[in-house]
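J.: Build me a model:
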Amino acid sequence: MALISPGVEVSIIDESNFLPAATASVPYILIATAENKLDSSGTSIAAGTLAENANNVFLISSQRELVNTFGTPSFFQTAGGSPVNGFELNEHGLLAAHSVLGISNRAYVQRVDVDLAELRARLSRPTGDAPDGSWWFDTSESNFGVFEWNASTGEFSFKEATQITNPDQLTFGVPRNTVGNPGDYAVVAINANNPVYYKSRNNNWVLVGSDGWKRSWPTVQATETNPQLTTGDTVVINGITIQVPPSPDDTILGLALAIDAASITGVTAAAINGRLEIYVDSTASSDGSTEDGAVEISGSALPDLGIESGRYESPELQHSPHTQVPAWRTTSPRPTGSVWHKTTPVNRGTELAVKQYNERADIWEENPVPLYASFQEANFKLDAVGGGRNLPVDTLFAQFDAEGNNTFTAKVYRKFTTGETAVIGTEPDATLSVTNAEFTISASQAGTSTMTTPVDVVVNGDTPSDFVEAFSSAGVENVRARLTDINTVEISHTQGGVIEIVEVVGTPLEDLGITSFLDGVEDGPEQNQTIISSWDTLEYTASAVEPDQAPEDGTKWYYSAIDEADILIHDGTTWRGYRNVSEDIRGFDLSLTDPNGPIFSASAPSEQRDGSPLQFGDLWINTSDLENYPRIYRWASVLGVSRWVLLDNTDQTSENGIIFDDRSRSVIT
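T.: Residues are numbered from 1 along each chain as shown. Below you'll find the model as predicted:
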């Protein structure tokens, strides 16, 4: 329509847009997404992104159903959070489907068999997820609660323990002397016991709590430096008298050598910075009859040395929670260097981060790992009513002092079965090696962490039946023994508790095939002791990063490095690294080129990377044009002018050409 007036013409055009009437057609949208995306809840895999559902057509009726089926559309951002518009891996198709379902209630959506996540550029090789249910000891989040005592200040100081996961840092399981500095602590995290070591001032690693560790700290330290000693004066240690040697050995060093020469059990001495130091381990006896790791010192030379007479205790390791601080200031003095292993996580106490991989959710789930002294204490603390029977599979705890010799260890155990504890021997119709074998039995009970009093048992015979009869006659509450259908022996604890058996005469358990090779059976700290429980050593990977495994066959990897290239040049006979050619076909001495190889730069270099002048034959790879990568230039003279000359990537025949071999390596001819 036109309205005409003098000098004016107005045209009105109707450009209104209206939704057409509903039709029978349903939109079809072909999309590409990453594989195994999470659905909108963030806890389950979106079914449409599973590999087996690729190329299947889904009829989607709502936006909610779309994101539950294919996940939320993924769009890439820079490190600063800015969107990367137009990026090839942005999920535009999924976003289009989401928009369509905003105005429609039906759409056919098909995901092609392409995993966009595999096409993401990365510098490190791709890996596969850890196996479902696998365990990881995360050393980056774990702490072992090491507190060192200072007798002078009467205070503890927290000590960070380095966690070693590289076997190359170990010699026969002990940290190498090249690791760490004197005074450091280290945990060998790839040892199931997680032993904690201390580096002594002589640069040796010693297991905390061991006699070697006790001898690394002085139990007695004199206060007088280079005192004038009197020949014939005495130092009496645990009843053994040592005299100050005659001149010229009437010195601190001479006295230390005399103490060592006396061969006092568990006692050594040294002259350190002009002062006498006496070291005591657990074999020393202060009363001459028992080993207690202490010394009684007296004698006429003590005033000159600056040592008070009396009883001195060796360094001590104490495992206890934060509520039981060692009483080393007053009631039970201990020397500097003694260690408190704080077994609870309060105020930097022990906290072990043990995680299990959940494949469906693609996350590592952390499990609590409390510390206890024994299986029976763990059962009591975690299931006081049931005695261990009610604990679910995969319950964890760590046993401190796992070897039972008061050393610093923390071994993680896993509950491998629920209900009663049971173990079955592997030897049917066994014959006991001793006719009248003898052993003792004790067991845990619900409501207490104390084992029952051991009961003596004598087997009157040498058959599995004789063993079962003798075992049952002991009458230990909640403990049973029976013959199986194939005439092997099963031993059980109905409360899911612990059974301790000590063989006195013969080896009946070994004869029946009940050994530490079975789950839930291990050798105890006492001689000939076997412990039966429903706990077993946890097998895990100890590392500061998430464990992984080899990627699946056919996994794609887009290697995004643009600053690496292996370049060879043919010298007329063979291919050689181009910097190893002193004169190429152009007469260039390539050994003078940039010592770091080809120069990667977005702009033309004006010098070599070390600041030296450019040399004829230098190579520049232009990183500003990744669409045509690699654009390779050679520094050369053209008509008397030195400049960068672009090489022809399409020339694979002439002496100025380039061959790209099947390993994507540039080779210049």
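
J.: what's across from residue 356 in the sheet?
T.: Bridge pairing for residue 356 (DSSP bridges) gives the partners residue 135, residue 365.

J.: Dihedrals phi and psi, residue 541?
T.: Main-chain torsions, residue 541, degrees, to the nearest 10: phi -100, psi 120.

J.: what's the burial count for the nearest residue to it once chain neighbours are set aside?
T.: Excluding the flanking residues, the one nearest residue 541 by C-beta to C-beta, 6 or more residues apart in numbering is residue 547, at 4.1 Å. Where you see a C-beta, it was placed from the backbone N, CA and C, and this is true even at glycine. Counted with other C-beta atoms under 10 Å, residues neighbouring residue 547 total 20.

J.: For residue 547, list the residues it contacts.
T.: By C-beta atoms under 8 Å, 6 or more residues apart in numbering, the contact set of residue 547 is 130, 134, 136, 357, 541.

J.: now, the most widely separated pair of these?
T.: 357 and 541 (10.1 Å; C-beta to C-beta).

J.: Between those two, tell me which one has more neighbours.
T.: Comparing residue 357 with residue 541 by other C-beta under 10 Å, the one with more neighbours is residue 357, at 20 against 17.

J.: Is residue 140 in contact with residue 544, as I believe?
T.: Yes - using C-beta atoms under 8 Å, residue 140 is in contact with residue 544, at 4.2 Å.

J.: the more surrounded of the two?
T.: More crowded of residue 140 and residue 544, by other C-beta under 10 Å: residue 544, with 12 against 9.

J.: sorry, back to before: by pLDDT, rank the contacts of residue 547 and give me the bottom one.
T.: Minimum pLDDT for these is recorded at residue 130 (90).

J.: wait, it sits on residue 548?
T.: Yes - between residue 130 and residue 548 there is a contact at 5.8 Å, judged by C-beta under 8 Å.

J.: who has more neighbours, these two?
T.: Per other C-beta under 10 Å, whichever of residue 130 and residue 548 has more neighbours is residue 130, with 19 against 16.

J.: what separates that one from residue 511, distance-wise?
T.: 41 Å (C-beta to C-beta, to the nearest Å).

J.: SS state for the closest residue to residue 388 other than its chain neighbours?
T.: With sequence-adjacent residues excluded and distances taken as C-beta to C-beta, 6+ apart, residue 388 is closest to residue 379, at 3.4 Å. When classified by DSSP: H, G, I helix; E, B strand; the rest coil, residue 379 comes out as helix.

J.: Can you pull the phi/psi pair for residue 383?
T.: Dihedral angles for residue 383 - degrees, to the nearest 10 - are phi -150, psi 70.

J.: need the contact list for it.
T.: Here residue 383 is in contact with 389-391, 446, 496 (C-beta under 8 Å, 6+ apart).

J.: Just give me the closest of these to residue 298.
T.: Checking those one by one against residue 298 (C-beta to C-beta), the nearest turns out to be residue 446, at 52.4 Å.

J.: Tell me how far the residue nearest to that closest one when sequence neighbours are not counted lies from residue 443.
T.: Once flanking residues are discounted, residue 446 sits nearest to residue 387: 3.2 Å by C-beta to C-beta, 6+ apart. Here the criterion is C-beta to C-beta. By it, residue 387 lies 10 Å from residue 443.

J.: which residues are in contact with both of these two?
T.: Counting by C-beta under 8 Å, 6+ apart, the contacts common to residue 387 and residue 443 are 478, 497.

J.: where does the stretch 451-600 of the chain dip in pLDDT?
T.: Filtered on pLDDT under 70, the stretch 451-600 of the chain yields no residues whatsoever.

J.: As a check, name the ranges of all strands in it.
T.: Secondary structure of the stretch 451-600 of the chain by DSSP state E, counting those that start in this stretch: the strands cover 455-458, 479-483, 489-493, 499-505, 521-523, 529-532, 535-537, 541-543, 548-549, 558-559, 568-570, 575-577, 599-601.

J.: Comparing those strands, which comes out most buried?
T.: Across these, the average number of neighbours (mean count of other C-beta atoms under 10 Å) peaks for strand 489-493, which reaches a mean of 23.

J.: In the stretch 101-250 of the chain, mark out all the helices, start to finish.
T.: For the stretch 101-250 of the chain, helices defined by DSSP state H, counting those that start in this stretch occupy the ranges 211-214.

J.: Format the strands of the stretch 451-600 of the chain as CSV; extra columns: distance to residue 473.
T.: As requested, the strands of the stretch 451-600 of the chain are arranged in CSV below (distance: least, C-beta to C-beta, whole Å):
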stretch, distance to residue 473
strand 455-458, 8
strand 479-483, 10
strand 489-493, 14
strand 499-505, 15
strand 521-523, 23
strand 529-532, 19
strand 535-537, 28
strand 541-543, 46
strand 548-549, 52
strand 558-559, 72
strand 568-570, 83
strand 575-577, 82
strand 599-601, 83
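
J.: Output the below-cut-off pLDDT ranges for the protein.
T.: Looking at the chain by pLDDT under 70, you get 1-8, 17-24, 79, 287-291, 662-669.

J.: what domains does the record give for it?
T.: 28-121, 146-216+318-342, 220-314, 354-415, 421-533, 564-668 (automatic domain parsing).

J.: These: which one's closest to residue 555?
T.: Taking C-beta to C-beta, domain 28-121 is the member of the domains of the chain nearest to residue 555, at 6.5 Å.

J.: Brilliant, that's me finished.
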